[in-house]
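Student: Coordinates for the following, if possible.
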Amino acid sequence: MNKVALITGAAGGLGRAVAARLVADGWQLIVTSRQAEHLSAAFGNQHLQVVADCSTVAGARQILQVTKEAGMLPQALAHCVGNIRLGAMHRMSEADFNDCLNANLVSAFHTLSAFVGALREARSPGAAVLVSSAAARIGTPNHEAVAAAKAGLEGLVRGAAATYAANAIRINAVAPGIMETPASAGIIASPAAREGAARQYPLPGIGSPDELAELMSWLLSDSAARITGQTWAMDGGFASIRPLVK
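Tutor: Okay, here's the model as predicted:
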């Protein structure tokens, strides 16, 4: 059987990095986005491209229905949809908060539900990896909305991993710090902001989506066959240790 992977948010910085890594590992790809032009700009006419909003039940199910009609069953899911909404909660608008939850948590729930439903129907094993954040694990100023959404995502991973272990479906997450992607470009736009962001990590620097993609690809591979229900941090030690004060 051909190895088939589904990547949501595939046209973003992380999604493109994951796509490149999975192709190198021999996977066939199904790539999704809400904008067809973003997919074509990122991938040309490569891969099965599906335009849908996976933050809705109908959109998530549409993705799996299109793949089924194309004769493809994804055994791996890399859910790369998400956004960054920063600001103290007393200043955040209801629209921004809801947008943050929809992009980071609701989309993960509906996409994972559709994915495991397709695997169960086909009686196939599989693996999924979702994207959390260091902010879900340690209090960071002005990150209330994204921290709440990503902490919910980590709970989703543990619960779903427990539910579907009997079906040989593994579900894990990764939790990066800030990365060099279009989504974070505004946060590290100035040299001073970039330097300050890099210094906050015990291992200083700005993360690379290629590094995170390599970890995600490994978690989807047979090499990680005994790993489920886990969140793997790639944050330079930000959420677990403190740098030496000099």
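Student: list the buried ones in the helix or strand of the chain with the lowest mean pLDDT?
Tutor: The weakest-scoring helix or strand in the chain, judged by mean pLDDT, DSSP states H and E, is helix 191-199 (a mean of 78). In terms of neighbour count (16 or more other C-beta atoms under 10 Å), helix 191-199 has its buried residues at 197-198. All C-beta atoms are positioned from the backbone trio N, CA, C, and that covers glycine.
Student: same thing with stretch 198-216?
Tutor: Residues of stretch 198-216 classed as buried by neighbour count (16+ other C-beta under 10 Å): 198, 201, 206-210, 212-216.
Student: again with stretch 130-145
Tutor: 130-137, 140, 143-145.
Student: do stretch 36-44 as well
Tutor: Buried residues in stretch 36-44, counted by 16+ other C-beta under 10 Å: 38-39, 42-43.
Student: Next, give me the two most distant ones among those residues.
Tutor: Greatest spacing in those, by C-beta to C-beta: 38 and 43 (9.4 Å).
Student: Common neighbours of the two, please.
Tutor: Listed contacts common to residue 38 and residue 43 are residue 11; contacts here mean C-beta atoms under 8 Å, 6 or more residues apart in numbering.
Student: Give me the contacts around the host helix or strand of residue 63.
Tutor: Using DSSP states H and E, residue 63 sits in helix 57-69. With C-beta under 8 Å, 6+ apart as the test, helix 57-69 has contacts from 4, 6, 8, 30, 32, 48, 50, 52-54, 73-74, 107, 110-111, 113-115, 117-118.
Student: same thing but 10 Å
Tutor: The contact list for helix 57-69 (C-beta atoms under 10 Å, 6 or more residues apart in numbering) reads 4, 6, 8, 30, 32, 34, 48-54, 56, 72-74, 106-115, 117-119, 121-122.
Student: so residue 174, which of the three states?
Tutor: What DSSP: H, G, I helix; E, B strand; the rest coil gives for residue 174 is strand.
Student: Give the bridge partners for it, please.
Tutor: Note on residue 174: beta-bridge partners by DSSP bridges are residue 131, residue 232.
Student: Once you drop chain neighbours, what's closest to residue 20?
Tutor: residue 213 (7.1 Å; C-beta to C-beta, 6 or more residues apart in numbering).
Student: thinking again about what came up before, heading C-terminal from the helix holding residue 63, find the next helix or strand.
Tutor: Next helix or strand after helix 57-69 toward the C-terminus (DSSP H and E): strand 76-79.
Student: State which helix of this protein is the longest.
Tutor: For the chain, the longest helix by residue count, based on DSSP state H, is helix 144-164.
Student: Tell me which residues of it come out buried.
Tutor: Judged by neighbour count (16+ other C-beta under 10 Å), helix 144-164 contains these buried residues: 144-154, 156-158, 160-161, 164.
Student: May I have the residues that are in contact with residue 155?
Tutor: 105, 136.
Student: where does it land on pLDDT?
Tutor: Reported pLDDT at residue 155 in the predicted model: 98.
Student: can you check the one 4 residues further on too?
Tutor: At residue 159, the predicted lDDT confidence score is 98.
Student: Surely residue 171 is in a helix?
Tutor: No - Residue 171 is assigned strand when assessed by three-state DSSP, not a helix.
Student: my guess is residue 17 contacts residue 216, does it?
Tutor: Yes - Residue 17 is in contact with residue 216 according to C-beta atoms under 10 Å; the separation is 8.8 Å.
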